[in-house]
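Colleague: What follows is a predicted structure for the sequence shown.
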Number of protein chains: 2
Amino acid sequence: MSDVAKDRVRLWLRLLKVVRGLEQELRDTLRREHNTTLPRFDVMSALSRHPEGLKMSQLSGVLRVSNGNVTGIADRLSEEGLVERIPVPGDRRAMMLRLTPAGSAQFARQAQAHEDWINEKLRGISSEEARAMAARLQAFAAQTEEKEKTNAQ
Amino acid sequence: MSDVAKDRVRLWLRLLKVVRGLEQELRDTLRREHNTTLPRFDVMSALSRHPEGLKMSQLSGVLRVSNGNVTGIADRLSEEGLVERIPVPGDRRAMMLRLTPAGSAQFARQAQAHEDWINEKLRGISSEEARAMAARLQAFAAQTEEKEKTNAQ
DNA sequence: TTCAATTGCTTCAAGCCTAAAATATTTATC
DNA sequence: GATAAATATTTTAGGCTTGAAGCAATTGAA
């Protein structure tokens, strides 16, 4: 294996380790302190950015998970009265999912706590470092998307 | 929210997006091309670094997953003849898990393909960039560990 | 020695996740 | 208008994951 390949593999392993570690802590915190889960938080987060609601398929699209997955999470959130399914006028197959007022209020609290938590976890990273690293990741992501677009042609 | 907090949150969201995306692609590739899964790959990878085998609890320790989790994955790998459970002399509760020759051979092939895959995915990242980013991540992880150690006192 | 606490592992219940099959509805074509 | 294809969602089977409970076996303290 070439040297650059070794460096790339090492970077990948470190990325995975750091992100997995933080993600695991985040799951623990959500469970212990907010009695919820990361997938539920992700669904509510997506819905909070679309107050008018999202169709099930749009939701699985933005979250990049399967349709069946969203069905299950929506079922559970719905049982707790945090989201509701609204029929789509003119298409009886489709369903709009949106936060209830209770869900909206709960998510607002959780989102603020989440931001505080992240800020505390990344305390050792300066604004400049954060921006620099985010820019690199952004460049990488853009590059990858560009490649995909080319491949899709 | 302060500016630096915003930058940190943005960095976290990007990290999560990039790593999740790559991880998802990796899962797809493992499934389609190697008929396996990331958790199985992780178990075999850990075992390949310990040819003499690992006790179940050691394995769940290094992988940072629960004991019950490893039990299930070991069961399935064992059914396929890729790993075997060896009794530990002197402690009839414990079990050593290790790769069979077939498991070892299969993992060697998968590991090589995995490295090639990563190298291709991260093609747009130079050796210098990779080393710089890995160093930052490493510093962050070290800092976090240091903090944990202090808290544990 | 005895027996209570600890240790190592498995089992269990519940949630997450996927791909594929099933269901219902809509759209397009003849 | 009939019907075939496409679309939106749910259901299903199977694997991953956890925390907690259960079961042996080991260790340690009286």
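Modeller: Everything's here; your move. Numbers count the residues shown, from 1 in each chain, chains lettered A, B, ... in the order given.

Colleague: can you pull out the helices in chain A?
Modeller: Taking DSSP state H as the test, the helices found in chain A are A:3-34, A:38-48, A:56-63, A:67-79, A:101-121, A:127-152.

Colleague: Worst mean pLDDT among these?
Modeller: Of all these, mean pLDDT reaches its minimum on helix A:127-152 (a mean of 83).

Colleague: Now do that helix: which elements does it pack against?
Modeller: With contacts defined as 3 or more C-beta pairs under 8 Å, 6 or more residues apart in numbering or on different chains; DSSP states H and E, the packing partners of helix A:127-152 are helix B:3-34, helix B:127-152. Any C-beta I mention is one placed from the backbone N, CA and C, and that applies to glycine too.

Colleague: buried ones in it?
Modeller: The neighbour-count check on helix A:127-152 (16 or more other C-beta atoms under 10 Å in any protein chain shown) flags A:129, A:130, A:131, A:132, A:133, A:134, A:136, A:137, A:140, A:144 as buried.

Colleague: could you list every residue that touches the first one?
Modeller: In this structure, residue A:129 makes contact with residue B:136, judged by C-beta atoms under 8 Å, 6 or more residues apart in numbering or on different chains.

Colleague: And it, how close does it get to residue A:12?
Modeller: 20 Å (C-beta to C-beta, to the nearest Å).

Colleague: Ok, the fourth one next?
Modeller: Going from residue A:132 to residue A:12 by C-beta to C-beta gives 19 Å.

Colleague: Check residue A:27 too.
Modeller: For residue A:27, the distance to residue A:12 - C-beta to C-beta - is 22 Å.

Colleague: Residue A:136 too?
Modeller: Using C-beta to C-beta, we find residue A:136 at a distance of 14 Å from residue A:12.

Colleague: and what of residue A:66?
Modeller: 25 Å.

Colleague: and if you look at residue A:133?
Modeller: For residue A:133, the distance to residue A:12 - C-beta to C-beta - is 15 Å.

Colleague: again with residue A:31
Modeller: Residue A:31 is 28 Å from residue A:12, where distance means C-beta to C-beta.

Colleague: Could you do residue A:108 as well?
Modeller: In this view, residue A:108 and residue A:12 are 36 Å apart by C-beta to C-beta.

Colleague: show me what contacts the most centrally placed residue in chain A?
Modeller: Central residue of chain A (C-alpha atoms, centre = their mean): residue A:42, 4.5 Å from the mean position. For residue A:42, the contacting residues are residue A:63, by C-beta under 8 Å, 6+ apart.

Colleague: rewinding a little: higher neighbour count, residue A:108 and residue A:12?
Modeller: A count of neighbours by other C-beta atoms under 10 Å in any protein chain shown puts residue A:12 above the other of residue A:108 and residue A:12, at 24 against 13.

Colleague: who are the neighbours in contact with the nearest residue to that one once chain neighbours are set aside?
Modeller: Setting aside the residues directly before and after it, residue A:12 is nearest to residue B:118 in space (C-beta to C-beta, 6 or more residues apart in numbering or on different chains), at 4.9 Å. Each residue near residue B:118 by C-beta under 8 Å, 6+ apart is listed here: A:5, A:8, A:9, A:12.

Colleague: The lengthiest strand in chain A close to DNA strand C?
Modeller: Of all segments of type strand in chain A, defined using DSSP state E, the longest is strand A:91-99. Yes. Using C-beta under 7 Å from any atom of the strand, strand A:91-99 reaches DNA strand C at A:91, A:92, A:93.

Colleague: What is the burial count for the last one?
Modeller: Residue A:93 is surrounded by 9 other residues when neighbours are defined as other C-beta under 10 Å.

Colleague: Next: the first one.
Modeller: Each residue near residue A:91 was counted by other C-beta under 10 Å, and the total is 9.

Colleague: Can you give me the buried ones in stretch A:3-10?
Modeller: Neighbour-count burial for stretch A:3-10 flags A:4, A:5, A:7, A:8, A:9, A:10 (criterion: 16+ other C-beta under 10 Å).

Colleague: Over to stretch A:21-39?
Modeller: Neighbour-count burial for stretch A:21-39, counted by 16+ other C-beta under 10 Å, picks out A:22, A:23, A:26, A:30, A:36, A:39.

Colleague: is DNA strand D contacted by it?
Modeller: Yes. With C-beta under 7 Å from any atom of the strand as the measure, stretch A:21-39 is seen reaching DNA strand D through A:24, A:28.

Colleague: who's in contact with that stretch?
Modeller: Here stretch A:21-39 makes contact (C-beta under 8 Å, 6+ apart) with A:41, A:65, A:69, A:73, A:110, A:113-114, A:117, A:121, B:12, B:16, B:64, B:141, B:144.
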